[in-house]
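Asks: Attaching a predicted model along with its sequence, questions to come.
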Amino acid sequence: MRDRHSPQTYTGGIIYSSIILISWLAAGILIFYVGYLVFRGFGPLVRFFRDGAFAETDNILLPLWFRTLSLLFGGALLALPLAIGAGVYLSEYARENRLKQWMLAAVGGLAEMPPIVYGLFGWGALAPYFGEGKQTLIFLLTSAVWLLPQLVSVTYSALKEVPVSFRRDSLALGGSRWQTTWGALMPCAGRFLAAEALGGMARVGGETAPVIMIAAAWPSFHGQSLSTLPYHLYRSVVESGEVASPHHFGTALLLVLTSVCLQGAALRLKRTGDSLAGSVHERERGRWY
Amino acid sequence: MVLVRHPKLVVRNLSVYYGDFQALSSISLNIPSGAATAVIGGSGAGKSSLLRSLCRMNELWDNVRTEGQVLLDGHDIYGPDADVTEVRRRVGLIARHPSPFPKSIFENVAYGPRLHGVRDRRELDEIVKRSLKQAGLWNEVKGRLQEFALNLSPGQKARLCIARALAVQPEVLLIDDPAYNLDPVSAAKIEDLILELKQEYTLVLATNSMQQAGRVSDYIAFLSEGFLVEFGPTSDVFARPKDKRTEDYITGRFS
């Protein structure tokens, strides 16, 4: 019988306890941070929605919120058709060769690029082309270009996740590749794709770097026409020079709530997709037959 | 070669390669019309490869190479003028692991006809009803056609996949291991169904079960390591096998 007080048991116990402690510590920091944000921002946010304005600021939060959401959805809508087309091509039509491997590596690399690089693209390539007064369009295009490789990568992965038996059975019924992709694969992959699009929007929505870069194209421009919640937060803190006010916490809380809602919707969609694909036996995945 | 009066499919010198591996070696046989032909043989004998070759489903692999001819009503399905989607509509394949689409029962059966341009709801209703009746599933699901197909039992899923294949009105039905992973009751229902279907369709079954082959088939093709060892009427092959390897296999004396 194993000795309960053997060194192995002690070492195991210490490692186990340390992992639990670190996990709780990480969770505690997060809970403290969110709790602090809610504590400082909830009251102002409720007052804002009840009274229509923060006590000390103009009524700008609601238009900002809507602008943020419309820029996010606009960028995603611009990127989605291209991303779906490219993802479908890579997954269903492209032959397995070096070119395809190279394209996948390039898409993966672009998807991981820091957002400031996309901001640089907006500032360096789009801003001079479109000129002043088209900042919203520039930001939309920048968001779309930023989202594009992420969504291509997601479309590809989502289609590859669909059990091969769906492709096989649809083709065996006399369906073409396109009919099979559209009729049998996309209904499954579409959920993953929509979920990842929402997740990508949540990430884009929280970024300030591209907006700052685009705003930098015109020194006199303060980004009002494309001001998003995070940019507004950044600018009001930097320019006011004051200590954090309830207005700042209210804005931050609204941003966090927006992001949580988008991520929650994404998670919900993903779970539905998992239950669909999971219903097919694991052996069916990755095999034509 | 065994004389078959009305062959639906004529296979001539068919060889299939997956890269350097030769799965089928110069197979020649005539598959009779309106009968059930069982393809038997051990694991890796080439049964599934043969079935896939009869409907050009083997082309889904990147490195597959097919040589020889498969004539469907006299026309080479590998010929330059052959329409692969039409070939697959006429020669339906039901794979070993039946997988309904994650759609309703109705949508599963209506999927094939929709692919081929049927849009009229009344016509689709008729097709779904007829196909489910042919597959012996109508009485079990008629009140819940909009239910999710993946919630059906394994035996019902197998019959739903048969109904889905029947909905496009194929002329030949290829069924790979029809009772795979099914309990004896569900397997018996599938066998009854095969006996009914062979009145109307040309059936080709790949099976590992000698008993099943004996009960449902009219002809038997025995494959071993990619070669066709013997082909003939089931009663003849079982009673008087011409080749020692066939005799060993059907009597269970294989190494």
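Replies: Thanks, I have the structure now.
Asks: So what's the residue count around the residue in the stretch 1-150 of chain B that chain A sits nearest to?
Replies: Chain A sits closest to residue B:89 of the stretch 1-150 of chain B, with a gap of 3.3 Å, by CB to the nearest CB. To be clear about C-beta, it is placed using only N, CA and C from the backbone, and glycine gets the same treatment. Around residue B:89 there are 21 other residues, counting by other CB atoms under 10 Å in any protein chain shown.
Asks: what's the neighbour count on residue 182?
Replies: Picking chain A for this. With other CB under 10 Å as criterion, residue A:182 counts 14.
Asks: wrong one, chain B
Replies: 19.
Asks: Tell me if it really is in a helix.
Replies: No: read with DSSP: H, G, I helix; E, B strand; the rest coil, residue B:182 is coil and lies in no helix.
Asks: Now do it against residue B:157, distance only.
Replies: Applying CB to CB, to the nearest Å, the value for residue B:182 to residue B:157 is 10 Å.
Asks: ok, now residue A:62?
Replies: For residue A:62, the distance to residue B:157 equals 52 Å [CB to CB].
Asks: These two - which one has more neighbours?
Replies: Set side by side, residue A:62 and residue B:157 show more neighbours around residue B:157, with 21 against 13, by other CB under 10 Å.
Asks: In space, what's closest to that one - neighbours in sequence excluded?
Replies: residue B:98 (5.1 Å; CB to CB, 6 or more residues apart in numbering or on different chains).
Asks: Surely that neighbour touches residue B:160?
Replies: Yes: counting by CB atoms under 8 Å, residue B:160 is a contact partner of residue B:98 at 7.4 Å.
Asks: circling back: if you skip the residues just before and after it, what's nearest to the residue of the stretch 1-150 of chain B closest to chain A?
Replies: residue A:174 (3.3 Å).
Asks: now swap in residue A:90 and tell me
Replies: residue A:156 (5.0 Å).
Asks: ok so, going back, list the contacts for the residue of the stretch 1-150 of chain B closest to chain A?
Replies: Residue B:89 sits next to A:173-174, B:112, B:116, B:168, B:170 when contact means CB atoms under 8 Å, 6 or more residues apart in numbering or on different chains.
Asks: Now tabulate these in a markdown table and tack on pLDDT, distance to residue B:40 and neighbour count.
Replies: Below are these laid out as a markdown table (pLDDT from 0 to 100; distance: CB to CB, whole Å; neighbours: other CB atoms under 10 Å in any protein chain shown):
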| residue | pLDDT | distance to residue B:40 | neighbour count |
| --- | --- | --- | --- |
| A:173 | 93 | 27 | 27 |
| A:174 | 92 | 28 | 23 |
| B:112 | 94 | 29 | 27 |
| B:116 | 91 | 33 | 16 |
| B:168 | 94 | 27 | 24 |
| B:170 | 94 | 23 | 22 |
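Asks: Which residue ranges of the stretch 1-150 of chain B form helices?
Replies: Residue ranges of the helices in the stretch 1-150 of chain B, as given by DSSP state H, counting those that start in this stretch, are B:47-53, B:84-90, B:105-115, B:121-134, B:138-141.
Asks: can you tell me the helix or strand for residue 203?
Replies: This is for chain A. helix A:186-205 (DSSP states H and E).
Asks: Chain B, not that one
Replies: strand B:202-206.
Asks: got the CA coordinates for that strand in CSV?
Replies: The C-alpha coordinates for strand B:202-206 follow below in CSV (Å, rounded to 0.1, in the frame of the first residue of the first chain):
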residue,chain,number,x,y,z
THR,B,202,-30.0,-3.2,-59.1
LEU,B,203,-28.3,-3.7,-55.8
VAL,B,204,-24.6,-4.2,-55.0
LEU,B,205,-23.7,-4.9,-51.4
ALA,B,206,-20.3,-5.1,-49.8
